[in-house]
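Trainee: Here's a sequence, model it:
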Amino acid sequence: MSAADAVTDALRELRAEFIGVREGQLADYIPKLTLADPDAFGLALVSMDGHRYSMGEAEIPFTLQSISKPFVYALALSVLGLDEVGRWVSAEPSGEAFNAISLEPVTGRPANAMVNAGAIVTTALIPDTPDEPAFDRILHCLGSFAGRRLDVDEEVYASEAATGDRNRALAYLIRSAGTLPVDPVAAVETYFRQCAVRATAVDLATMAATLAHGGVNPLTGDTVVSAEVAAQVLAVMATCGMYDASGDWLLRVGLPAKSGVSGGLIAAGPARFGLATYSPPLDASGTSVRGHAALGALSRRLGLHLMNNPALPGSTVTLATTADDLPSAPADDRERALRERVGVVAAQGALDFTAAERVLYALDESGPERTGSVVLDLREVTTIDSVALAMLHTGLSRLAGDGWRAAVVDPADRLGPPDLVRERTGQDLPRYASREQAVQYCAHALPGAG
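Mentor: Residues are numbered from 1 along each chain as shown. Purely as a prediction, here's the structure:
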């Protein structure tokens with residue numbers, strides 16, 4: 001166990017709450033998708049610092065289907081730029097289903113790159129050369145977003161190609177309007193293969209986190225697309241990613257998102273995290289029923305709505321070290337040896353879900369794996385919202401339950417009154433006015449301190 005497992009706990013609780021939901025149907029217009037396990041339900045979160053959390057069937061590979069669309073759109077924007085892509089594909093909400101046969105009356109453009117018509121055109125825009133075929137570019141791009149090499153489920157591809165006449169019809173209709181730059185057959189075949197690329201919920205959370213992180217993969221550190229392209233993709237996801245339910249989704253959940261008929265669902269919190277769920281039963285709009293419910297509940301409970309102000313990346317944790325590295329560390333060898341076993345974490349500013357996750361992860365990194373105690377310094381913290389407070393209480397409770405001694409520097413009582421802290425953490429958490437006092441307490445309370 002660790003302090004940061006408070007995030008995993010939130011995912012576990014969501015899975016337990018919604019695993020019993022039996023509404024929804026498996027996608028049946030691609031025969032192979034009907035073989036999916038309707039009881040599978042995985043959730044994953046990846047933070048901007050590359051911390052990964054998951055629960056349930058989050059490592060089961062499944063095909064991306066429409067979740068591939070925003071990432072291929074990102075590739076097209078990177079290669080051609082917004083103005084050129086915009087000549088062929090608009091960026092307006094369609095208010096229609098994902099597979100609607102609908103083009104702009106004057107221009108003949110598809111409404112946006114998230115509906116099938118627009119996605120087929122977007123895929124057709126990817127340069128195709130003998131040295132670098134279009135699909136190779138797409139597969140490499142998807143893998144860069146995921147942080148690992150991905151592959152194609154050939155059986156799902158064959159099943160989709162055998163039953164994809166509606167998408168072929170869309171391609172020919174678009175070509176007749178003059179807004180498909182390549183042969184319709186080639187465009188649709190590449191699109192089918194793109195949809196059949198496999199990934200897990202953890203992969204998808206990483207892909208969403210890369211968009212949220214300004215195009216930089218938080219696991220690999222690689223710049224996959226520019227910050228400008230990442231922002232453009234998130235904007236289209238926010239307004240169009242959930243098709244004819246996009247407005248209601250943005251109003252209630254408040255996160256750029258994209259669903260897929262294989263049961264995947266992603267959401268991105270800019271500068272905060274990437275989220276993903278996997279659960280195959282779908283609602284009438286082709287969105288995972290359990291995934292929709294879980295992400296909606298998570299957003300409400302943790303205050304994740306896009307219009308809430310997130311903590312700035314890197315602004316929360318100001319210190320994460322061991323006490324022997326502090327300027328106040330004495331020269332005495334015995335005393336320094338004791339202080340090596342005391343982790344120290346200092347935080348500042350307003351703490352919300354995102355900031356609290358950083359603090360809990362820093363506690364783990366500075367304390368439990370290497371020491372016997374930790375000090376949490378909250379003197380520079382201005383406010384702690386209810387979600388962050390519950391997370392800190394849970395994290396400190398876990399540390400105590402695992403035998404780690406903790407003390408806080410909390411002269412303003414940001415953690416709440418002692419009785420509340422005792423109830424939430426199961427311990428009388430020592431509080432001090434200064435960091436040095438807390439370090440002295442932890443160091444001399446260690447086993448063997450004498």
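Trainee: Can you give me the neighbour number for Asp35?
Mentor: For the record, residue 35 is Leu, not Asp. 11 (other Cβ atoms under 10 Å). For glycine as for every other residue, the C-beta is placed from the backbone atoms N, C-alpha and C.
Trainee: Can you pull the poorly scored residue ranges out of the stretch 51-200 of the chain?
Mentor: Applying pLDDT under 70 to the stretch 51-200 of the chain flags residues 96-99, 101.
Trainee: Now do the helices in it.
Mentor: 69-80, 82-88, 116-125, 134-146, 154-163, 165-176, 184-195 (DSSP state H, counting those that start in this stretch).
Trainee: Quick check: which of those helices is buried the most?
Mentor: Per residue and on average, the most neighbours among the helices of the stretch 51-200 of the chain fall to helix 116-125, with a mean of 27 (mean count of other Cβ atoms under 10 Å).
Trainee: Show me how far that one is from its chain's centre.
Mentor: Chain-centre distance of helix 116-125: 25 Å, with Cα atoms, centre = their mean, to the nearest Å.
Trainee: Identify all contacting residues around that helix.
Mentor: Residues outside helix 116-125 that contact it (Cβ atoms under 8 Å, 6 or more residues apart in numbering): 66, 68-69, 72-73, 76, 79-80, 85, 88-90, 98-103, 109-113, 134, 138, 167, 170-171, 173-174, 179-182, 186-188, 190-191, 194.
Trainee: how far does stretch 157-175 stretch from start to finish?
Mentor: 23 Å (Cα to Cα, to the nearest Å).
Trainee: Would you mark the buried spots in the lengthiest helix in the chain?
Mentor: The helix that spans the most residues within the chain, counting by DSSP state H, is helix 386-401. Buried residues in helix 386-401, defined by neighbour count with 16 or more other Cβ atoms under 10 Å: 387-399.
Trainee: same deal with stretch 15-25?
Mentor: Under 16+ other Cβ under 10 Å, the buried positions of stretch 15-25 are Arg15, Phe18, Gly24.
Trainee: Could I get the phi/psi values of the residue nearest to the last one when sequence neighbours are not counted?
Mentor: To tie it back to what came earlier, the one meant is Gly24. Excluding its sequence neighbours, the residue lying closest to Gly24 (Cβ to Cβ, 6 or more residues apart in numbering) is Pro281, at 3.0 Å. When read as degrees, to the nearest 10, the backbone of Pro281 gives phi -60, psi 130.
Trainee: if I look at Pro281, how far off is Val439?
Mentor: Computed as Cβ to Cβ, to the nearest Å, the Pro281 to Val439 distance reads 53 Å.
Trainee: Compare these two (neighbour count), which wins?
Mentor: Of the pair Pro281 and Val439, Val439 is the one with more neighbours under other Cβ under 10 Å, namely 27 against 21.
Trainee: The helix or strand that Leu14 is a member of packs against which elements?
Mentor: Using DSSP states H and E, Leu14 sits within helix 5-18. Packing partners of helix 5-18 (3 or more Cβ pairs under 8 Å, 6 or more residues apart in numbering; DSSP states H and E): strand 42-47, strand 52-56, helix 289-302, helix 353-366, helix 386-401.
Trainee: can I get those in a markdown table with distance to Arg431?
Mentor: Listed next are these as a markdown table, based on distance: least, Cβ to Cβ, whole Å:
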| stretch | distance to Arg431 |
| --- | --- |
| strand 42-47 | 28 |
| strand 52-56 | 29 |
| helix 289-302 | 26 |
| helix 353-366 | 16 |
| helix 386-401 | 12 |
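Trainee: Can you tell me which of the ones you listed is most buried?
Mentor: strand 42-47 (a mean of 28).
Trainee: so what secondary structure elements neighbour that one?
Mentor: Short answer (3+ Cβ pairs under 8 Å, 6+ apart): strand 42-47 packs on helix 5-18, strand 52-56, helix 201-212, strand 273-278, helix 353-366.
Trainee: All set now, cheers.
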